[in-house]
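compute the structure for the input listed below.
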Amino acid sequence: MQATNQSIQKVSNKLEFSNAASFIENKSRQSQVASNHIRFSFKLGGVLAVAMLMIACSPTEATQNSTNDGTNSGTKDKQNISLLNVSYDVSRDFYKDYNSLFTNIYQGQHPDSKVSIQQSHGGASKQALSVANGLQADVVTLNQESDMNMLVKKGLVKTDWREAFPDNAVPYSTTMILLVRSGNPKNIKDWEDLARADVDVVMPNPKTSGTARYAFLGAYGSGLHKFKESVAQPQKTDAFMKKMLANVVTYDNGARAATTSFTQRGLGDVLITTENEAHLVATQHAKGQVDIVYPSYSITIHNPVAIVSSVTEKKGSTDAATAYLKALWDKPAQELMAQMYLRPSNKEVLAAHTGTLKDIQTFEPVAVFGDWDSIMETFFVDGGRFDQLAQVK
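Next comes the predicted model:
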């Protein structure tokens with residue numbers, strides 16, 4: 001990954017960190033108050049303009065921006081630059097708050113320059129495909145390596161994107177859990193209950209949603225674990241998955257759409273979703289209407305980030321884009337992740353939130369199913385194992 005001219009320095013100044021911590025605490029209190037009044041309403045896809053952030057623009061960036069012929073909104077002013085973060089469906093809540101946190105810290109260090117940040121959210125694979133087809137993202141914050149690999153093959157993201165940031169460019173992870181109706185009337189305790197004839201299941205579509213692929217693989221991996229089978233000989237696991245998928249009442253395009261189907265449309269007895277989405281729904285968007293169920297064995301979801309260098313090098317926004325992503329590893333951002341029910345890469349921060357982020361047994365998808373190219377080829381291509389088990393024609 002190309003070295004940057006300017007990046008965010010870690011917040012070592014005690015006063016700055018105190019301000020950031022105060023911001024996080026205030027956000028948390030505001031969220032609790034708002035939860036009593038907010039009516040749950042989500043919008044699918046599209047670009048959501050959510051914050052105007054203040055960030056320094058280097059002299060090099062300013063020169064490049066001034067010769068951009070207006071293709072980058074706000075770059076005619078040498079001190080202004082815009083960034084577009086294209087992300088997956090259920091990350092929108094975190095990035096909305098992260099943008100404000102980023103502004104609070106960075107504006108104090110660089111008061112003379114501006115950057116506006118826009119967000120775009122939807123099914124992960126649809127989002128990645130939109131970038132591949134020309135959506136001018138400066139950064140992508142995804143939830144599946146296969147989507148990132150596709151952008152690499154298209155020449156939009158550099159091949160060494162993993163080395164550009166710590167932890168193989170994964171600032172946080174999550175896992176798949178279950179969301180049921182209040183009181184858990186169907187007594188759903190684990191993956192195996194989703195194959196019962198009296199249970200209706202809601203999940204996104206694995207053909208368009210990275211979260212849905214993790215839902216499928218989480219259930220499949222639990223079957224292999226329970227029946228002590230391999231991917232090569234999964235007879236009992238396939239039988240379990242066929243019953244579970246027969247219970248799916250809707251395959252929505254993205255994880256947030258599936259949440260809407262479950263909470264607003266009243267479909268299904270159980271929603272398969274990410275840990276952070278389940279907690280946000282249970283504590284804010286549908287408080288008192290749902291309960292969280294942790295399965296005994298689930299899947300680890302890595303959420304990689306990268307600079308879309310083909311865009312930023314043309315716009316002159318590489319430094320700003322790098323700064324935006326690099327700050328995800330600063331402690332205030334890591335703390336915000338944990339408060340938003342994401343599992344930060346900082347082990348100390350994660351350990352401080354074990355009350356809400358339970359220590360459950362998980363597996364790495366690549367350790368069980370092979371690399372992501374193999375996973376996609378085996379399970380999610382047209383006519384692959386998902387289509388076979390779901391009886392997709």
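
chain neighbours aside, what residue packs nearest to Thr208?
Nearest residue to Thr208, sequence neighbours excluded (Cβ to Cβ, 6 or more residues apart in numbering): Gly123, at 4.2 Å. All C-beta atoms are positioned from the backbone trio N, CA, C, and that covers glycine.

any idea whether the closest residue to Val308 other than its chain neighbours is helix, strand or coil?
Counting by Cβ to Cβ, 6+ apart, the nearest residue to Val308 once its immediate chain neighbours are dropped is Ala137, at 4.8 Å. When classified by DSSP: H, G, I helix; E, B strand; the rest coil, Ala137 comes out as coil.

again, but for Ala306
Remark: Ala306 carries the secondary structure label strand [criterion: three-state DSSP].

which ones are touching it?
Val139, Val140, Met148, Leu151, Val157, Lys158, Trp161, Ala164, Ala169, Leu325 (Cβ atoms under 8 Å, 6 or more residues apart in numbering).

quick check: closest non-adjacent residue to the fourth one.
With Cβ to Cβ, 6+ apart as the criterion, Leu151 has its nearest non-adjacent residue at 4.3 Å, and that residue is Val157.

surely that neighbour is in a helix?
No: Val157: not assigned to a helix; according to three-state DSSP it is coil.

next, count neighbours for it.
Neighbour count of Val157, defined by other Cβ atoms under 10 Å: 27.

thought it was touching Val305?
No: counting by Cβ atoms under 8 Å, Val157 stays clear of Val305, with 10.3 Å between them.

got any residues that touch both of the two?
The contact sets of Val157 and Val305 overlap at Val140 (Cβ under 8 Å, 6+ apart).

Ser113 touches Thr103, doesn't it?
No: the pair Ser113 / Thr103 is not scored as a contact, 12.0 Å apart, by Cβ under 8 Å.

can you pull out the strands in the stretch 251-393 of the chain?
For the stretch 251-393 of the chain, the strands defined by DSSP state E, counting those that start in this stretch occupy 270-274, 290-293, 297-302, 305-307, 343-344, 361-363.

distance to Gly183 added to the ones you listed, as TSV?
Converted to TSV, these look like this (distance: least, Cβ to Cβ, whole Å):
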stretch	distance to Gly183
strand 270-274	13
strand 290-293	7
strand 297-302	23
strand 305-307	39
strand 343-344	28
strand 361-363	26
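
just those strands: most buried one?
Mean neighbours per residue, mean count of other Cβ atoms under 10 Å, is largest over those for strand 270-274, with a mean of 27.

and the angle for it with strand 297-302?
Going by axes from the mean of the first three to the mean of the last three Cα atoms, to 10 degrees, strand 270-274 is angled at 40 degrees with respect to strand 297-302.

of all the strands of the stretch 251-393 of the chain, which lies closest to Glu313?
Among the strands of the stretch 251-393 of the chain, the nearest to Glu313 by Cβ to Cβ is strand 305-307 (9.2 Å).

what ranges does the stretch 151-300 of the chain have for its helices?
166-169, 210-227, 235-246, 255-263, 275-280 (DSSP state H, counting those that start in this stretch).

which other helices and strands does the first one contact?
This points to helix 166-169. Applying 3 or more Cβ pairs under 8 Å, 6 or more residues apart in numbering; DSSP states H and E, we find helix 166-169 packed against no helix or strand.

contacting residues for Asp198?
With contact taken as Cβ under 8 Å, 6+ apart, Asp198 is in contact with Lys186.

phi and psi next, for Gly370.
Main-chain dihedrals, Gly370, degrees, to the nearest 10: phi 100, psi -180.

low-confidence bits of this protein, can you list those?
Within the chain, the stretches with pLDDT under 70 are 1-79, 106, 392-393.

could you chop it up by domain?
14-171+303-351, 174-301+360-390 (automatic domain parsing).

in terms of contact, does Ala338 touch Glu348 like I think?
No: assessed by Cβ under 8 Å, Ala338 is found out of contact with Glu348, at 10.4 Å.

name the residue in those two with the higher neighbour count.
The residue with more neighbours, out of Ala338 and Glu348, is Ala338; 22 against 9, by other Cβ under 10 Å.

what residues are up against that one?
Contacts of Ala338 by Cβ under 8 Å, 6+ apart are Pro344, Val349, Leu350, Ala352, His353, Thr356, Leu357.

let's see if you can find the most crowded of those residues.
Pro344 (26 neighbours).

for that one, which non-adjacent residue is closest in space?
Distance criterion Cβ to Cβ, 6+ apart; nearest residue to Pro344, sequence neighbours excluded, is Gln334 at 4.0 Å.

can you count the residues close to Gln391?
Other residues lying near Gln391 total 9 when counted by other Cβ under 10 Å.

same check on Asn133?
The local packing of Asn133 (other Cβ under 10 Å) involves 8 other residues.

what about it, distance to Gln127?
Look at Asn133 and Gln127: by Cβ to Cβ, to the nearest Å, they are 11 Å apart.

likewise for Gly316?
As judged by Cβ to Cβ, Gly316 and Gln127 stand 24 Å apart.

mind listing what the most centrally placed residue in the chain touches?
Central residue of the chain (Cα atoms, centre = their mean): Ser91, 4.4 Å from the mean position. Contacts for Ser91 (Cβ under 8 Å, 6+ apart) come out as His121, Thr141, Asn143, Asn303.

export these to a markdown table and tack on distance to Ala390, secondary structure and neighbour count?
Converted to a markdown table, these look like this (distance: Cβ to Cβ, whole Å; DSSP: H, G, I helix; E, B strand; the rest coil; neighbours: other Cβ atoms under 10 Å):
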| residue | distance to Ala390 | secondary structure | neighbour count |
| --- | --- | --- | --- |
| His121 | 26 | strand | 28 |
| Thr141 | 29 | strand | 26 |
| Asn143 | 21 | coil | 28 |
| Asn303 | 26 | coil | 28 |
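
please convert these to a markdown table, extending it with distance to Leu271.
Supplementary listing: the contacts of Ser91 in a markdown table, determined by distance: Cβ to Cβ, whole Å:
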| residue | distance to Leu271 |
| --- | --- |
| His121 | 18 |
| Thr141 | 23 |
| Asn143 | 17 |
| Asn303 | 20 |
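
and of those, the nearest to Trp372?
Taking the contacts of Ser91 together and measuring to Trp372 by Cβ to Cβ, the closest member is Asn143, at 11.9 Å.
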